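Engineer: Below are the sequence and a predicted model for it; my questions follow.
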Amino acid sequence: MNLDSDLLRSFVAVAETGNVTRAADRMGRTQSAVSMQIRKLEGMVGDVLFERGSRGVKLTRRGESLIGNARRIVSLLDETALSLRTAPLDGPVRIGIPEEYGFTVVAHALGEFAKRHPRVEITVRFAHSATQNAALEAGELDLAVVFEWDDFSDGEILMADPTVWVTSTLNPRHEEVPLPVAFYQNSAWCQTFVAKSLESRGIAYRIAYTSDTSGGLKLAATAGLAVAPLSRSNIPEGCRELTAAEGFPPIDAARVVLRRKPSATGATIDGMAEAIREAFRSGVGV
């Protein structure tokens, strides 16, 4: 079976708009042309892809099984077309990323960016948000992804990722009194948010583990050494979030923000900023 990419584009457009007319407007085609393409695709697949109703259409079970691959194919074609139209970038770009997103944002954003622009020299710094902000102000970074809990900057919000209490599924340390907790070493944030979230609820606790990285806190939770404050998108396998019903509501309402050095301009930095945005849009995190 040879699938025409235009058929998949029409299929994706109808699925996302829920309406053939709106899909036709998005694609700059007539409604009858889009309807004909959907019928042609259904004939090739051998099954109905949409259920028709008075308010529009929705995917059938067969359509649901096809939509994921269709989106990936259309996205890949768009990326390929963009890479052919865009001249490769070069030069240095310095970025700061929280450790929490090292294997998600960095792997996705930098991997895709490096394939398109192999001559760009990328420097990555993993550090706490306060350190990243200071480096940005000092001109040591061009872009920084940071957590913000209050005193919000004018940075670009990428996602909400609140800090929650996390415990091992096999070792319910949250049932102990006093509560064994993991803290960041010498962290004003822990004192301002983490400690107060416990003290305001009258929860007796003891600091059972300290680390200077989120990886260290994940280890503490996974090993059942302590409950740990972690961003919701970063809960490791073998652990779970403690809920408000259990007496542990979220610790903060953290937002993940992309900040840029005011004097950092140019196509290379613009391209890296867009690669970071795309990594978050494509499903990184919660």
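Structural biologist: Happy to help now that I have it.
Engineer: Stretch 220-238: end-to-end distance?
Structural biologist: Stretch 220-238 has an end-to-end distance of 12 Å (C-alpha to C-alpha, to the nearest Å).
Engineer: Show me where the stretch 1-150 of the chain has its helices.
Structural biologist: For the stretch 1-150 of the chain, helices defined by DSSP state H, counting those that start in this stretch occupy the ranges 5-17, 20-27, 31-45, 61-85, 111-116, 129-137.
Engineer: now do the stretch 151-286 of the chain
Structural biologist: Counting by DSSP H, counting those that start in this stretch, the helices of the stretch 151-286 of the chain are 188-189, 195-199, 214-222, 267-281.
Engineer: The closest residue to residue 208 other than its chain neighbours: how many residues sit nearby?
Structural biologist: Once flanking residues are discounted, residue 208 sits nearest to residue 180: 3.6 Å by C-beta to C-beta, 6 or more residues apart in numbering. For the C-beta atoms, the positions are set from N, CA and C on the backbone; glycine is no exception. If you count neighbours by other C-beta atoms under 10 Å, residue 180 ends up with 19.
Engineer: Check the spacing between residue 180 and residue 199 real quick.
Structural biologist: Distance from residue 180 to residue 199, counting by C-beta to C-beta, to the nearest Å: 16 Å.
Engineer: So which residues of the stretch 101-250 of the chain form strands?
Structural biologist: Applying DSSP state E, counting those that start in this stretch to the stretch 101-250 of the chain gives strands spanning 119-126, 143-148, 156-160, 163-168, 179-184, 205-211, 228-231, 239-241.
Engineer: Include distance to residue 281 and mean pLDDT when you put the ones you listed into TSV, please.
Structural biologist: As requested, the strands of the stretch 101-250 of the chain are exported to TSV (distance: least, C-beta to C-beta, whole Å; pLDDT from 0 to 100):
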stretch	distance to residue 281	mean pLDDT
strand 119-126	20	87
strand 143-148	14	92
strand 156-160	9	90
strand 163-168	22	95
strand 179-184	29	94
strand 205-211	31	95
strand 228-231	18	94
strand 239-241	24	95
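Engineer: quick one: low-confidence parts of the stretch 1-150 of the chain?
Structural biologist: For the stretch 1-150 of the chain, applying pLDDT under 70 flags the ranges 1-3, 80-90.
Engineer: Pretty sure residue 20 sits against residue 34.
Structural biologist: Yes. Counting by C-beta atoms under 8 Å, residue 20 touches residue 34, with 5.5 Å between them.
Engineer: bridging residues for the residue nearest to residue 208?
Structural biologist: Residue 180 has these beta-bridge partners by DSSP bridges: residue 206.
Engineer: ok, now the one 4 residues further on?
Structural biologist: In this structure, residue 184 has the following beta-bridge partners (DSSP bridges): residue 211.
Engineer: how many neighbours does the closest residue to residue 58 other than its chain neighbours have?
Structural biologist: Leaving aside its sequence neighbours, residue 58 sits nearest to residue 51 (C-beta to C-beta, 6+ apart; 5.4 Å). If you count neighbours by other C-beta under 10 Å, residue 51 ends up with 12.
Engineer: just residue 152 next, same as before
Structural biologist: 10.
Engineer: Would you mind confirming that it is in contact with residue 255?
Structural biologist: Yes. Contact criterion C-beta under 8 Å: residue 152 and residue 255 qualify, at 7.1 Å.
Engineer: residue contacts, residue 132?
Structural biologist: 96, 98, 125, 141, 144-146 (C-beta atoms under 8 Å, 6 or more residues apart in numbering).
Engineer: ChimeraX command for the buried members of these?
Structural biologist: The following ChimeraX line selects those of the contacts of residue 132 that are buried, judged by 16 or more other C-beta atoms under 10 Å:
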select :96,98,141,144,145,146
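Engineer: Adding distance to residue 266, write the contacts of residue 132 out as JSON lines.
Structural biologist: JSON lines is the format used below for the contacts of residue 132 (distance: C-beta to C-beta, whole Å):
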{"residue": "96", "distance to residue 266": "18"}
{"residue": "98", "distance to residue 266": "24"}
{"residue": "125", "distance to residue 266": "19"}
{"residue": "141", "distance to residue 266": "15"}
{"residue": "144", "distance to residue 266": "17"}
{"residue": "145", "distance to residue 266": "19"}
{"residue": "146", "distance to residue 266": "21"}
